[in-house]
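Colleague: fold the following, please.
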Amino acid sequence: MFSPNKTVISIDLKGMIASGSRAPLNMDNLNGLFSKVMKIKFDALSIVINSPGGSPVQSSLIAQKIREISDKKKVKCYCFVEDVAASGGYWLACAADELYADVNSIVGSIGVISGGFGFTDLIKKIGVERRIFTAGENKSFLDPFLKVNKKDEEKLKKLQKLIHQNFIDWVSSRRKKKLSEINKKVIFSGSFWLANEAKDLGLIDGIASESSFFKSKFGEKTKIKKIKQPKSLKQKLGLGINSLNSEDLITKLKEEFLFNKFGI
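Modeller: So this is what the prediction gives:
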């Protein structure tokens, strides 16, 4: 137990996880925040997560960075889930040493999904002829203007299976003996649960909010200091803040779709 007057650094990881400057959660966007945290002296690290997931690569990179900070600073990391920590969001959550959630939080979705569209009937209907030339038999992999062939489908499923296993290995290494042994097949099925069920399965450690948890565990005088991402030069100059271009709109729509998947 900590003595009084200790400091907890708290960071928010909220939104979709994806490459590119428009997505809220990726290493490019979070580097400034992590660098800022590394320069501060503190006694515990808190990450507040509200994410429906996204890129497995960015999820892995961000989680590794959180572990690096925790290890270098020699402090424990705690996670607090708001609406949802699912898929890549749960990958991030597992970077913490202990996980907590609200009674209505959604947790889990340990799986891999790929989506797309097929336009084969559309181009026939409007009289468009598809022409594509490649060097390398697999360069037109999953072309949306061609029917899915068995070889492409098998390749995609193999990739998904390998990424899924990486996800399983990460969760297993972080949660270790906390996971329910008799329910591991269910846990890694890609399903998701409310917090109390997630607790029974070993996906989280308990039901608690950030403020109440730290004050109860470390004392009323514990200071929780929220650290925010440093503003870019563009933001400091007030450029582009009120405009929403097509890239922003697409990112927002993708994020809304992911959150809506979990009914929130």
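Colleague: what ranges do the helices span in the stretch 151-264 of the chain?
Modeller: Using DSSP state H, counting those that start in this stretch, the helices of the stretch 151-264 of the chain run over residues 184-187, 195-201, 210-218, 233-236, 246-260.
Colleague: how far off centre is the second one?
Modeller: If I follow you right, that is helix 195-201. 19 Å (Cα atoms, centre = their mean, to the nearest Å).
Colleague: ok, residues contacting that helix?
Modeller: Residues from elsewhere that reach helix 195-201 (Cβ atoms under 8 Å, 6 or more residues apart in numbering): 81, 101-105, 107-108, 179-180, 183, 186-187, 193, 204-207. For every residue, glycine as well, the C-beta is placed using N, CA and C.
Colleague: now do the buried residues in it.
Modeller: 195, 198-199, 201 (16 or more other Cβ atoms under 10 Å).
Colleague: so which of these is the closest to Gln64?
Modeller: Nearest to Gln64, judged by Cβ to Cβ, of the buried residues of helix 195-201 is Ala198 at 23.3 Å.
Colleague: next SSE after the strand of greatest length in the chain?
Modeller: For the chain, the strand reaching the highest residue count under DSSP state E is reported as strand 76-86. Downstream of strand 76-86, the next assigned helix or strand under DSSP states H and E is helix 88-93.
Colleague: now that following helix: average pLDDT?
Modeller: Mean pLDDT, computed over helix 88-93, is 96.
Colleague: which elements pack onto the following helix or strand past that helix?
Modeller: Next helix or strand after helix 88-93 toward the C-terminus (DSSP H and E): strand 98-101. Other elements packing on strand 98-101 under the criterion 3 or more Cβ pairs under 8 Å, 6 or more residues apart in numbering; DSSP states H and E are strand 76-86, strand 206-207.
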